[in-house]
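> The following comprises the amino acid sequence and a computationally predicted model.
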Amino acid sequence: MTRAPRRETREVTLILATIVTLIVVGIINHDFMTLQNIRFMILNSVVLSLLALGQTWVIATKGIDLSVAPIMGLTAVVTGLLEQGSGLPLVGAIGITIGIGIVLGTVNGLLVAKLNIPPIIVTLGTYSLYSGLMFIYSNGTDVVSVPPAYATFGNGTLAHWLPIPIPVLILAAILFLCWFVLGHTIFGRAVLAIGNNAVAAYNAGVSVVATQIRVYMISGLLAAIAGFVFLCYTGSATVTTGTGDHVELQSIAVALIGGTAIVGGRGNMVGTVLGGLFLSVVLTALVFLHVPPIWYSAGEGAMILVTVTLGMRQNAARKAIR
Amino acid sequence: MQTIDVTPVVEARGISKRYGPTTALHDASFRVMPGKSHALVGRNGAGKSTLVSILTGLRAPDTGDVRFAGMAAPPLSDRAGWRKQVACVYQHATVIPGLTVAENLFINRQPGRAGMISWREMRRQARALLDRWRIDVAVDQTAESLSVESRQLVEIARALSHGVRFVILDEPTAQLDGIEIRRLFDRMRELQQEGVTFLFISHHLQEVYELCQAVTVLRDARHILTAPVADLPKTKLIEAMTGEATALNAIAASPSRRSAAQAALAMDDVSGLTYQSVTLAVSAGEIVGLAGATSSGRTEIAEAVAGLSCPASGSIRIHGQQLALGDVPAALALGVGCVPQDRHRQGLVLGQSIAENATMTISRGLGPMGFIVQSRRRVAARAAITRMGVVTSGPDQPVSALSGGNQQKVVLARAMASNPDILVLIDPTAGVDVRSKVQLLGIIEEQKQIGKAILLASGEIEDLRLCDRVLVMHHGKLVAEFSSGWDDHAMISAIEGVSSDVR
Ligand SMILES: Nc1ncnc2c1ncn2[C@@H]1O[C@H](COP(=O)(O)OP(=O)(O)OP(=O)(O)O)[C@@H](O)[C@H]1O
Ligand SMILES: [Mg+2]
């Protein structure tokens, strides 16, 4: 069977870079490679990767979604506070998560596709709007604990013979879906076509409006799921969840590190998840290398710039050979 | 005529279209009969592309209507409806570069079940489709790696597979060389046998005579005539296009002004991806032509001089000074002006005005300390517009609103604005109408007279006639040199690589 063209070098590079970081930092600081810390890095990467998978869809159409951060935060705060107030069952919380994600994502999509406003403007606007909703809803109240069912969802495993945390299984399922839909369905190819050349895609009969709306909907949905997963595994949520860590920038960086082209037309779902893992490991490493906290933000930014630049060079080199 | 009772494939009636103050079409009517190749000709800005955009449903006319086979055209929003009636191959690609040929052919209707694509089935169908129309392109290739020729064929095949039997080609030959044009025409004749009707736009009138049975002339937004090609000798055709009976001056190289001193431009043993060991020199007051097929490397060599591409080895000297390779600002600083091949990607800032584009290289000279005095810029731009004969509503019109040929004139104006000593001209008259071409070639000739060194890379015999010497490239090597007064046949065989006249 023939597939869409593959680019394995990116994946291999990311895996190697992650392993090297783990080993080097592990040697410098023995606390780095403890089971507990590895677990933290993986769960943290699940959140990053979910956000970045959504971002990958959007960037593949030549768009961008800054509002993933408040969508993540809003979902975590709303579901957490509902639970604290009325003992919302897990299924209900999942339903609300999906609802919030789809609605807020679709709002972005409608503004971009129907009103033809540039994605960066739309999502900058809804960034403030959704963060505002979070403040109004929570009125400054923090979520400080979650019931056992939620905690199991965030940390536990499905069965004792399968010692993989549930969020990782969720991520794996979503990754498979994203990979499959992007590479093997008419919708997925339409996304790439729009990112490549929207006018040609339109002339070839691709429904640009419908495809764009769906892409932002997917991004919103995955951001909401990331928020709920975050709530469940950390047991807390505040009004700065998501926005405080600038996850919108992190998710964009992860997608680019993973081999998705900022100019659109190319998306690499597997690369995105590996990029999420890599970024999670590196961010944690900064802590274990005793980098003073006031340097975190600068270090993180520098690290993202370096990786994205290296990744772009790799692309350029490949172009030149062809 | 006995075709009178046959329903036309397409009929446009009373079409008018205005863009703000510009009338692009005024009450134009015409019809295309089935099984014919119908030419649409006219000067730059006459309204040809506008008519095409209306016939393909991309723009609504202000007045008038379009009918296909006697039936009213679908509403503008019904893209699928239009796609079944008519397809257009534009000069710029309408394929999706990152996807494979097979995907481009079946975009949005990939075979498979429940939205899931069957790659094997898609490739099989793509192969069958290309075989059916005898198009020799690999289905797994990405569209961006296709040559212009293959890309056009893929677009035609895609249209035919939608059931379209009326295909519009807007200047399809502008970027093809002689052999490719012959192949395209052969293919078009075959398709015509199978019942496909073509509307063919070109500024090369001999192609109209070679290929088409009927011709429609537009002039100043109006329909002037539609007639069988056989009834309309070339002089009459040009008269209809230009509205004047004066004959065009023949183009020929004037006596050389070449100074014996050091060469203004010297390339020494320059090699790159598509050319090897090129050594050539151009003196002040001389036009040197670079001829060759599209894949011969002629364009890339010219680009190397202007810094648009970076050769792997060798040296380029301007007035004896070493040029930093692959560095456009360095080339500009040494006095190299350039008309690049792809005016959209390399030549123009489409959203900006004619004035801004034409004066971009000299903005420093338009005012003190980085300020631009708008009135000075307009004066400079107006001079360029008159000189080049740009058809426009004024210097403030954005370049994107100019017709293709008029955009080309702006690119040439900009290359000359800074008064560079060396001019590198790549296909400088692409998309320019017959009369404007004579005018532009005259301007290039003037530049030679005032002592510029000119390197002219072109696929057009007409352009090359202006040259004092023509160097012919084949597969990346210089293979022959002709001095002015050469014989067309010898030149064409050298370009196509069947000559023994090796340098
Ligand atoms: N988008 C636009 N806005 C304003 N004016 C336009 C626009 N598009 C075309 N025009 C004007 O309409 C006229 C007709 O242009 P058109 O592109 O149809 O010419 P053409 O016959 O195709 O010329 P060419 O041979 O140079 O391609 C020109 O005067 C042009 O400036
Ligand atoms: Mg045109």
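Received the coordinates, thanks. Ligands and ions are numbered 1, 2, ... in the order given.
> host element of residue B:268?
Secondary-structure element containing residue B:268, defined by DSSP states H and E: strand B:265-271.
> Can you spell out which helices and strands pack onto that strand?
If contacts are counted by 3 or more CB pairs under 8 Å, 6 or more residues apart in numbering or on different chains; DSSP states H and E, strand B:265-271 sits against strand B:278-282, helix B:298-306, strand B:313-318. For the C-beta atoms, the positions are set from N, CA and C on the backbone; glycine is no exception.
> What mean pLDDT does stretch B:177-194 get?
If you average the pLDDT over stretch B:177-194, you get 90.
> Can you check which of the helices and strands packed on strand B:265-271 gets nearest to residue A:178?
Checking the helices and strands packed on strand B:265-271 against residue A:178 by CB to CB gives helix B:298-306 as the closest, at 40.5 Å.
> Tell me where the stretch 51-200 of chain B has strands.
Taking DSSP state E, counting those that start in this stretch as the test, the strands found in the stretch 51-200 of chain B are B:63-68, B:71-72, B:87-89, B:112-113, B:116-117, B:166-170, B:197-201.
> As CSV, those strands with mean pLDDT, distance to ligand 1 and mean neighbour count would be great.
What follows is the strands of the stretch 51-200 of chain B, written out as CSV (pLDDT from 0 to 100; distance: least, CB to the nearest ligand atom, whole Å; neighbours: other CB atoms under 10 Å in any protein chain shown):
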stretch, mean pLDDT, distance to ligand 1, mean neighbour count
strand B:63-68, 94, 15, 17
strand B:71-72, 92, 23, 9
strand B:87-89, 88, 12, 22
strand B:112-113, 84, 39, 12
strand B:116-117, 86, 37, 18
strand B:166-170, 93, 8, 23
strand B:197-201, 94, 7, 24
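> Save those as a markdown table, and put in distance to chain A too.
Output for the strands of the stretch 51-200 of chain B, formatted as a markdown table (distance: least, CB to the nearest CB, whole Å):
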| stretch | distance to chain A |
| --- | --- |
| strand B:63-68 | 17 |
| strand B:71-72 | 21 |
| strand B:87-89 | 9 |
| strand B:112-113 | 8 |
| strand B:116-117 | 5 |
| strand B:166-170 | 13 |
| strand B:197-201 | 17 |
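> Enumerate every residue touching residue A:263.
A:62, A:195 (CB atoms under 8 Å, 6 or more residues apart in numbering or on different chains).
> Please report the distance of it from chain B.
According to CB to the nearest CB, to the nearest Å, residue A:263 stands 10 Å off from chain B.
> Check residue A:136 too.
39 Å.
> That residue: how many residues sit nearby?
8 (other CB atoms under 10 Å in any protein chain shown).
> Same check on residue B:273?
For residue B:273, using other CB under 10 Å, the count is 13.
> which ones are touching it?
Per CB under 8 Å, 6+ apart, neighbours of residue B:273: B:300, B:312.
> pLDDT score for it?
89.
> Just the CA trace of stretch B:15-27, in PDB.
Output in PDB follows, covering the C-alpha atoms of stretch B:15-27 (Å, rounded to 0.1, in the frame of the first residue of the first chain):
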ATOM      1  CA  ILE B  15     -20.800  41.100 -21.400                       C
ATOM      2  CA  SER B  16     -19.600  44.200 -19.600                       C
ATOM      3  CA  LYS B  17     -17.300  44.400 -16.700                       C
ATOM      4  CA  ARG B  18     -15.800  47.400 -14.900                       C
ATOM      5  CA  TYR B  19     -13.200  47.600 -12.200                       C
ATOM      6  CA  GLY B  20     -13.800  51.000 -10.600                       C
ATOM      7  CA  PRO B  21     -12.800  53.600 -13.300                       C
ATOM      8  CA  THR B  22     -11.500  50.900 -15.700                       C
ATOM      9  CA  THR B  23     -13.800  49.300 -18.200                       C
ATOM     10  CA  ALA B  24     -12.300  45.800 -18.800                       C
ATOM     11  CA  LEU B  25     -15.100  44.600 -21.100                       C
ATOM     12  CA  HIS B  26     -17.800  46.600 -22.900                       C
ATOM     13  CA  ASP B  27     -20.800  44.800 -24.300                       C
END
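> ok so, going back, now the angle between strand B:278-282 and the strand holding residue B:268, please.
In terms of direction (axes from the mean of the first three to the mean of the last three CA atoms, to 10 degrees), strand B:265-271 departs from strand B:278-282 by 170 degrees.
> Not counting strand B:265-271 itself, show me its contacts.
With CB under 8 Å, 6+ apart as the test, strand B:265-271 has contacts from B:277-282, B:301, B:304-305, B:311-318, B:320, B:422, B:453, B:455.
> Mind doing that once more with 6 Å?
B:277-282, B:311-318, B:422, B:453 (CB atoms under 6 Å, 6 or more residues apart in numbering or on different chains).
> Of the helices and strands packed on strand B:265-271, which is nearest chain A?
Chain A lies closest to helix B:298-306 among the helices and strands packed on strand B:265-271, at 14.1 Å (CB to the nearest CB).
> Quick one: mean pLDDT over that closest one.
On average, the pLDDT along helix B:298-306 is 93.
> what does stretch B:392-402 give?
88.
> One more: stretch B:429-441?
For stretch B:429-441, the per-residue pLDDT averages 88.
> likewise stretch B:452-465?
When pLDDT is averaged over stretch B:452-465, the result is 92.
> Run the chain-centre distance for that stretch.
Using CA atoms, centre = their mean, to the nearest Å, the distance from the centre of stretch B:452-465 to the centre of the chain it belongs to is 15 Å.
> And the contacts of that stretch?
Contacts of stretch B:452-465 (CB under 6 Å, 6+ apart): B:177, B:251-252, B:264-265, B:282, B:284, B:287-291, B:298-299, B:302, B:422-427, B:429, B:448, B:470.
> where along chain A do the strands fall?
Using DSSP state E, the strands of chain A run over A:157-159, A:162-165.
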